[in-house]
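[1] what shape does this take:
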Amino acid sequence: MRATRATRALAALYEARPDAALSESEVEAALAAAGAPVNKVTVYRMLDRFAAVGLLHKQVDAARVTRYARASQGKEGAAPRFECDDCHRQFRLSQGTAKVQDALKQVLQALATAGHESLAVDIAVHGRCAECAHPAEGAAT
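    Alright, predicted model coming up:
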């Protein structure tokens, strides 16, 4: 992948916001605000390339919007996340991740034993985030 101004800006965006799960339009707006305006097609291409090399994880949220989050590094695998059903923001869940990963390994191993291949697991807990559930409290802080 070439280190263009746009790809450097995209890498910097996710470096600054490591827990962000952003849609194409949010990435496009953030790049423009950072002084690296890029058209929609180029943003999609960059996001797909970053996902293909394992830097980003591509997922579809409850509103059927494709979002890109920074991929988990190392052996921890995909991190479970909480997704707000109102605003669709996503938050990684770090507490209990080791137990969740152990359970997922057992599920994947059972599926592989049954002959299934190319297995991937994506865990999302859905609900309302604190800001959506209590908007008056969020405005007061």
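
[2] got phi/psi on residue 124?
    phi -130, psi 130 (degrees, to the nearest 10).

[3] now residue 14
    According to degrees, to the nearest 10, residue 14 has phi -80, psi -20.

[4] wait, doesn't it sit right on residue 70?
    Yes - at 4.9 Å, residue 14 counts as touching residue 70 under the criterion of CB atoms under 8 Å. (C-beta placed from N, C-alpha, C; glycine too.)

[5] any residues in contact with both of the two?
    By CB atoms under 8 Å, 6 or more residues apart in numbering, residue 14 and residue 70 have these common neighbours: 20, 55-56.

[6] pLDDT weak spots in the protein?
    1, 73-79, 94-97, 119-122, 138-141 (pLDDT under 70).

[7] name the residues of the helix or strand containing residue 25 that are buried.
    Per DSSP states H and E, residue 25 falls inside helix 24-33. Across helix 24-33, burial judged by 16 or more other CB atoms under 10 Å covers 24, 26-28, 30-31.

[8] many thanks, I have nothing further to ask.
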